[in-house]
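# got a sequence here, can you build the structure:
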Amino acid sequence: MKKLLFLFSLLACCLPLQAVAAPPTPADFRYCAEVNGALKAEALYQAHLTDELIQKAAPGLEDLRLFDAGQKETPFVVIKNNPPFETIETYTLEITGYENDASSATVITKLPKNHRPISMLNLDIPGTDFKKQIAASGSSDGKTWHPLVDDSIYDFSSQVTLRKTKVEFPSTDFHYFRLKLTDYKPQAAAQPSIRLKYDGLDFSVNGVKKKELRIRSVQGITQTPSEKKPVYDKKAFADFSSSMDKEGNTVIVFQADLPADQLTLDVSNPYYYRTVKLYGSNTGKDDSYRLLAIEMLYRFPLSVEKHEEKNKIEQKISKQAFYRLVIVNKNNPPLEIKGIALAWAQQNLYFIALKNDEKHSLCFGNHQLKRPEYDIAQFINQNTLPQHPYARVELSPVRGSAGRPGWSEWFAGFEKLILKIVVVILVIGMGLWLFMLLKKAGEKK
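Residues are numbered from 1 along each chain as shown. Below you'll find the model as predicted:
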């Protein structure tokens, strides 16, 4: 017993005395990609991180390391191509004129003096269950008008939660806006009236009753400039499994190993309105999925000429090995899904070359490493990046890293093995100790 306790004490004392790991080298990683192109000393460079690289790296890219020709680490920073959000401003327009007749109504509005260019008009309409065509025009002087957009506004609140009272157009600095609202009329008299009944919903396209609308106010809304909008990378997936669960819902599973800001479904059905639940998992096991988002996706004929649809789930989701979609069908036939696409904010690596024409390798695939902390992140980041000129370099296709297995991963695995052995010895030792105590207690009796 004393020998057993001595062995346990020895192992317990040795466990925290971890060897100080040497700095990693390319041989400590499963994958590497070469930085192509001639580099100049003290110049800043950008390298785009491809979907293949993101798939093989650790979930948060913690294991990325950039090595120079001498296998020393070169500091870097990874920045998403997701510029800081610019404040969107909303202006209440002054209504300066109103005209109506038996078939239409026209509203004239004016922006306040100091305003940024706007790209959207929102009509504050208290009424429900309507559908109108709207033609928006802009003017600098309130006399000469320039067409902006022909669109529709609608509300189907008595049937389903679908409402649209905004019209969008290219950003403009016009001061006056004219809105003409009319009841829908088919473009060709010979077209048959469409009346769509779907899962208890009734969308009447050509047979909408005429209804006067009360517009309480009109707001003009700015938009984020195009140069400040996120840039997305995309990957399409056609190889996915599809099945039905016991409740008649469609269950789609696919492996991605990618993050997602947007998930888009390519649906063949001409119309639908379904609840879609999105789950994610790092292992793909049935009990490992967790709910990430719930969205309503739909397509319905707004008119004979135009369809209104939403087939995209927008949610910032960290890297998931597997995604699962559950489409709630109720009593409807399953949707025909032709494809799935993921989009995520583009990620770029920035580094400063220290020597002319020196070769660099970007290595990854060692999930035991923690995220490095480099000084470069203090002065090159998402806010300051526009102030720094940089050149773009390409990464070669990902290759397997030659050399011995990664010491860091091997040591971490060995450490876990020792810990398991200690736990087993501890359990056995405690069991023997309790057995001896009970035996002695029985002898005394």
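
# and the spatially most central residue of the chain, how far from residue 234?
Against the mean C-alpha coordinate of the chain, by C-alpha atoms, centre = their mean, the closest residue is residue 261 at 0.8 Å. Applying C-beta to C-beta, to the nearest Å, the value for residue 261 to residue 234 is 10 Å. Quick note: C-beta positions are derived from backbone N, CA and C, even for glycine.

# what of residue 296?
Applying C-beta to C-beta to residue 296 and residue 234 gives a distance of 23 Å.

# what touches both of residue 261 and residue 234?
Shared contacts of residue 261 and residue 234, defined by C-beta atoms under 8 Å, 6 or more residues apart in numbering, comprise residue 343.

# tell me if I'm right that residue 266 and residue 339 touch.
Yes - because the distance of 4.1 Å satisfies C-beta atoms under 8 Å, residue 266 is recorded as touching residue 339.

# sorry, back to before: quickly find the element holding the residue nearest to the centre of the chain.
strand 250-267 (DSSP states H and E).

# OK, contacts around the closest residue to residue 62 other than its chain neighbours?
In space, and not counting its chain neighbours, residue 62 is closest to residue 371: 4.1 Å by C-beta to C-beta, 6 or more residues apart in numbering. The neighbourhood of residue 371, defined by C-beta under 8 Å, 6+ apart, consists of 60-62.

# how about a cut-off of 10 Å?
58, 60-64, 78 (C-beta atoms under 10 Å, 6 or more residues apart in numbering).

# buried stuff in stretch 96-106?
Judged by neighbour count using 16 or more other C-beta atoms under 10 Å, the buried positions of stretch 96-106 are 105-106.

# then stretch 71-78?
Neighbour-count burial for stretch 71-78 [16+ other C-beta under 10 Å]: 74-77.

# just those: which are in strands?
Applying DSSP state E to the buried residues of stretch 71-78, the entries found in strands are 76-77.

# can you pull out the helices in the stretch 251-400 of the chain?
376-379 (DSSP state H, counting those that start in this stretch).

# all strands of it, in order?
272-281, 290-301, 307-310, 312-328, 337-345, 347-352, 360-364, 391-395, 399-400 (DSSP state E, counting those that start in this stretch).

# I'd like the ones you listed as JSON lines, with distance to residue 228, mean neighbour count and mean pLDDT appended.
Below are these laid out as JSON lines (distance: least, C-beta to C-beta, whole Å; neighbours: other C-beta atoms under 10 Å; pLDDT from 0 to 100):
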{"stretch": "strand 272-281", "distance to residue 228": "28", "mean neighbour count": "19", "mean pLDDT": "96"}
{"stretch": "strand 290-301", "distance to residue 228": "25", "mean neighbour count": "16", "mean pLDDT": "92"}
{"stretch": "strand 307-310", "distance to residue 228": "24", "mean neighbour count": "14", "mean pLDDT": "85"}
{"stretch": "strand 312-328", "distance to residue 228": "17", "mean neighbour count": "18", "mean pLDDT": "97"}
{"stretch": "strand 337-345", "distance to residue 228": "13", "mean neighbour count": "18", "mean pLDDT": "97"}
{"stretch": "strand 347-352", "distance to residue 228": "16", "mean neighbour count": "20", "mean pLDDT": "97"}
{"stretch": "strand 360-364", "distance to residue 228": "28", "mean neighbour count": "24", "mean pLDDT": "96"}
{"stretch": "strand 391-395", "distance to residue 228": "20", "mean neighbour count": "15", "mean pLDDT": "96"}
{"stretch": "strand 399-400", "distance to residue 228": "36", "mean neighbour count": "11", "mean pLDDT": "91"}
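
# that's all I had, so thanks and see you.
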